[in-house]
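> give me the fold of what follows.
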Amino acid sequence: MKDKDRELLESYIPLVRFIAAVGGPRCEVVLHDLSDIEHSIIAIENGHISGRKVGDGMMDFAYQKFLEETGEFLANKSGKLTNDHKTLRFSAFPIRRKTDQEVIGLLCVTVDITDFIYMQRFINSELFIDGGYYTEPENPAGAFALPLSDTLEAMFLHAMQESGCSDVDRMDKDDKMRVISILKENNLFEIKGTVSFIAKKLKISEPSVYRYLKEVRNSSE
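Residues are numbered from 1 along each chain as shown. Down below sits the predicted model:
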């Protein structure tokens, strides 16, 4: 199954190059394989936008935007600031396995709109729209795009704290199920690859994570 998934994802690589050629140097196009979230990028064009390369992971806002809306695709969503203060516009197309429609990859297009926002503010000021004054908003906490693995790590540590656990080696099944339940409430398991990440963190097998998830769902019904 993994070979077939990879073959399907790699068939999108020419599309990555095509979209980047059409969109120009401000348009970053990334193809993600969600079987390994920490190293999900299998193709990227114009990686200077986010500073990423093949073998790097997904940024957290891509994951969050995908979870917020589960339609056919996402288009032109406001992104976050990068560490070098670029403002981004984000779009994503989920790639689904044909047999069961599970999302196995994402084709993401991120456009650097920093200069356009500057021009918009300048024009508004010169036209005296809204009084001609602009106040730069404060950057809210968490507004910077981080590698998704860092976000997953933070969410895992938060779930551990909420469950009252601190040492994985001393956790029993009930403790681990509490952690998984908290993570499920935050939709952490919606995208393939998260199960593998959590299995490693809890030092259990992936089938055990699926089994615990099933028990959590059954107990909530």
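> Asp169: what secondary structure?
Under the three-state scheme (DSSP: H, G, I helix; E, B strand; the rest coil), Asp169 adopts helix.
> and if you look at the one 10 residues further on?
Val179 carries the three-state label helix when classified by three-state DSSP.
> can you give me the neighbour number for it?
Residues lying near Val179 (other C-beta atoms under 10 Å) number 24. In short, each C-beta sits where N, CA and C put it, glycine included.
> thought it was touching Cys165?
Yes. Under the criterion of C-beta atoms under 8 Å, Val179 lies in contact with Cys165, with a separation of 6.7 Å.
> what is in contact with the two at once?
Taking C-beta atoms under 8 Å, 6 or more residues apart in numbering as the contact rule, Val179 and Cys165 both touch Met171.
> and the chain, what are its domains?
With automatic domain parsing serving as the domain definition, the record reports that the chain contains domains spanning 2-118, 148-220.
> what is the rounded mean pLDDT of the shortest one?
Over the span of domain 148-220, the pLDDT mean works out to 84.
> quick thing: my sequence starts at 804, can you match it?
Renumbered: residue one is now 804, and that last one reads domain 951-1023.
> now do it: distance to the chain's middle.
Average the C-alpha atoms of domain 951-1023, do the same for its chain, and the two points are 18 Å apart (C-alpha atoms, centre = their mean, to the nearest Å).
> next one: the longest one
Distance of domain 805-921 from its chain centroid, counting by C-alpha atoms, centre = their mean, is 9 Å.
> and Leu877, how many neighbours does it have?
Per other C-beta under 10 Å, the neighbour tally for Leu877 reads 20.
> find the nearest non-adjacent residue to it, please.
By the measure of C-beta to C-beta, 6 or more residues apart in numbering, the closest residue to Leu877 outside its immediate chain neighbours is Ala895, 4.5 Å from it.
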